[in-house]
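Q: Let me see the structure of the following:
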Amino acid sequence: YYTDGITDLPPPHGRTEHELATFIATLPRHLTAQQIADAICADLAERVPDTERHDDVALLIVRDRR
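A: From the prediction side, this is the model:
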């Protein structure tokens, strides 16, 4: 399965994959997975309220501890 509900919103609401990665990289490193997901969802809701969005959003947060 594949979901692209954040990166395929029509301009000016969506973020490219690069913009999304850059946004995530600016978040504080001490955040929990839930806090990261909440930040991404809040950013998306600022761009397009839930009631106006017609696509799915699924998040998988993975932290590389190397």
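
Q: what about the lengthiest helix in the chain, average pLDDT?
A: Criterion DSSP state H: the longest helix present in the chain is helix 33-47. The pLDDT scores in helix 33-47 average 90.

Q: Alpha carbons of it, in CSV - could you do that?
A: Output in CSV follows, covering the C-alpha atoms of helix 33-47 (Å, rounded to 0.1, in the frame of the first residue of the first chain):
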residue,chain,number,x,y,z
ALA,A,33,7.5,9.8,17.7
GLN,A,34,4.1,11.0,18.8
GLN,A,35,5.3,14.6,19.1
ILE,A,36,6.9,14.4,15.6
ALA,A,37,3.6,13.0,14.2
ASP,A,38,1.7,15.7,16.0
ALA,A,39,3.9,18.4,14.5
ILE,A,40,3.5,17.0,11.0
CYS,A,41,-0.3,16.8,11.4
ALA,A,42,-0.4,20.3,12.9
ASP,A,43,1.6,21.7,9.9
LEU,A,44,-0.7,19.9,7.5
ALA,A,45,-3.9,21.2,9.3
GLU,A,46,-2.5,24.8,9.0
ARG,A,47,-2.2,24.3,5.3
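
Q: For that helix, which helices and strands make contact with it?
A: Here helix 33-47 touches helix 17-25, going by 3 or more CB pairs under 8 Å, 6 or more residues apart in numbering; DSSP states H and E. Glycine gets a C-beta too; all of them are placed from N, C-alpha and C.

Q: So which residue is dead centre in the chain?
A: In the chain, the residue lying closest to the centroid (CA atoms, centre = their mean) is Ile40, at 3.8 Å.

Q: Quick one: residues contacting the closest residue to that residue other than its chain neighbours.
A: Sequence neighbours aside, Leu59 is the residue nearest to Ile40 in space, at 6.2 Å (criterion: CB to CB, 6 or more residues apart in numbering). By CB atoms under 8 Å, 6 or more residues apart in numbering, the contact set of Leu59 is 37, 40-41.
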